[in-house]
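Trainee: build the 3D model from these lines:
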Amino acid sequence: MPGAASAFFSDQSTHASDDVDRFALSTASAQFYIQRGDWEPPDVLLVVEFEEWQESVDAIISAAHADMIPVYVLKNSNDQQYREHMMLKEQSSDSVSLNISLDSPWVRDYGPLQLKTHSGSFKWIDFAYKIDRLNDDAMPDQLAKLMGASLEHGDYLLDGGAVISNGNGLCAITDKSLEAAAVDPLEPEAFEDFKDILGCEALAVLPALTGESTGHADISAQFLSPELVAVAKVYQKGNLAVSRELEETVTLLKSAAEKIDQPLTIIRLPLIVDDEYFYSYINGTRLKDTYLIPSFHNVPSEIEDIAVNAVQSALPDIELTLIPSDAIVMRGGAVHCITLGINLPGPMKQNQFWAKKFRKALSSGSILFY
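Mentor: Numbers count the residues shown, from 1 in each chain. Okay, the predicted model is just below:
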């Protein structure tokens, strides 16, 4: 387990204690909600400022602005005033950022999970994070206060990158993440409660990849639309265990879709495994008309071309933006891990107000949401 000094740099799971002060969500309130889809455009994009991969952060910001998506950059601050009160602070005349005490840059994992209704409203859920990253664990509460959102708390230990969803009731999680959440899939009642709280009609339990540090599903698979999922495929000799696990992932996703009578098409994207480093093209982020796909100098260009062409063929009307991600992989993640698309809770007209506010400011040149 990483020490306190190294915790900021490693996207790895550690177990929190059982006495974390959380309360269980009622399945009665959860059953009308569905887990937000991986592919759904956000109202706001969050990313953490981090010097080691500033090039990646800059590329993400640029692509989001071009797609008219507001970006809030979380800046790590240890000042007491920011621990007690999260503030929206103007750094200059043309930029706005969020200053908050953080332990790591993995905003996907400690940010809120989001559920939606068919009418288009959203709610946020915050589950317990890591006992040695208390600042990260407090982030959703502070973000909710800032944005005027209500936030429910769940009593499971669950990272955001652990759950993938098609936005239509079909979800997946790995066996490792399910174990960390202390949910036994062989106990039907407990598993059904967990599934309902997540807003999932079907929840496939996928094998965590051998040797991959996070055990998260977003390294193995991601939904590109309600009926389309990308699954990684090992593009090198050896790694038979990982290859078998990914083939099992395909089978389990198909089976889960069939159980709820949903069509599902699967495309395969290259995965290169180099010791403990997993170069996964699955780990991208959808904006509105743009998809942020990882790019790796350490992967042969012909393999990267296969990944880019496969995604572009699957999403012909979406612009792909390559985000340099080698430095992120060295710490155990990629693009999806350092970004979090947020849909603001409440009726759609409220979300449209935020979007219009951003577009007006951007077009006038008076303010840039940074």
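
Trainee: grab the nearest non-local neighbour of residue 109.
Mentor: Nearest residue to residue 109, sequence neighbours excluded (CB to CB, 6 or more residues apart in numbering): residue 159, at 3.9 Å. (Each C-beta comes from the backbone N, C-alpha and C, glycine too.)

Trainee: can you give me the helices for the stretch 1-150 of the chain?
Mentor: For the stretch 1-150 of the chain, the helices defined by DSSP state H, counting those that start in this stretch cover 27-30, 54-66, 80-84, 107-110, 134-147.

Trainee: quick one: average confidence on the helix or strand following the longest one?
Mentor: Right, the one you point to is helix 134-147. Per DSSP states H and E, the first helix or strand lying C-terminal to helix 134-147 is strand 151-157. Strand 151-157 shows an average pLDDT of 93 in the prediction.

Trainee: dump strand 151-157 to PDB, keeping only the CA atoms.
Mentor: Extracted as PDB, the C-alpha positions of strand 151-157 are listed here (Å, rounded to 0.1, in the frame of the first residue of the first chain):
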ATOM      1  CA  LEU A 151     -25.900  14.700  -2.400                       C
ATOM      2  CA  GLU A 152     -26.800  11.300  -1.000                       C
ATOM      3  CA  HIS A 153     -24.300   9.100   0.700                       C
ATOM      4  CA  GLY A 154     -23.900   5.300   0.400                       C
ATOM      5  CA  ASP A 155     -22.300   3.000   2.900                       C
ATOM      6  CA  TYR A 156     -20.300   1.000   0.300                       C
ATOM      7  CA  LEU A 157     -16.600   1.500  -0.500                       C
END
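
Trainee: which helices and strands does it pack with?
Mentor: In terms of contacts (3 or more CB pairs under 8 Å, 6 or more residues apart in numbering; DSSP states H and E), strand 151-157 is packed against strand 122-128, helix 134-147, helix 188-198.

Trainee: which SSE is immediately downstream of it?
Mentor: Immediately after strand 151-157, counting by DSSP H and E, sits strand 164-165.

Trainee: which strands and helices lie in contact with that next one?
Mentor: Counting by 3+ CB pairs under 8 Å, 6+ apart, strand 164-165 packs on strand 170-174, strand 221-225.

Trainee: and the ones you listed: which comes nearest residue 142?
Mentor: Closest to residue 142 of the helices and strands packed on strand 164-165 is strand 170-174 (CB to CB; 26.3 Å).

Trainee: could you list the paired strands of the closest one along with their orientation?
Mentor: If you go by DSSP bridges, strand 170-174 pairs up with strand 164-165 (antiparallel), strand 202-206 (parallel).

Trainee: touching the longest one from outside, list them.
Mentor: Same thing as strand 202-206. 169-175, 178, 185, 191, 194-195, 217, 220-221, 245, 248-249, 252-253, 255-257, 259-260, 262 (CB atoms under 8 Å, 6 or more residues apart in numbering).

Trainee: quick one, that strand and helix 188-198 angle?
Mentor: When axes from the mean of the first three to the mean of the last three CA atoms, to 10 degrees is applied, the directions of strand 202-206 and helix 188-198 differ by 110 degrees.

Trainee: one step back: buried deepest among the helices and strands packed on strand 151-157, which one?
Mentor: strand 122-128 (a mean of 23; mean count of other CB atoms under 10 Å).

Trainee: also compute the angle for that strand relative to strand 151-157, please.
Mentor: 40 degrees.

Trainee: now do strand 122-128: which elements does it pack against?
Mentor: strand 113-116, helix 134-147, strand 151-157.
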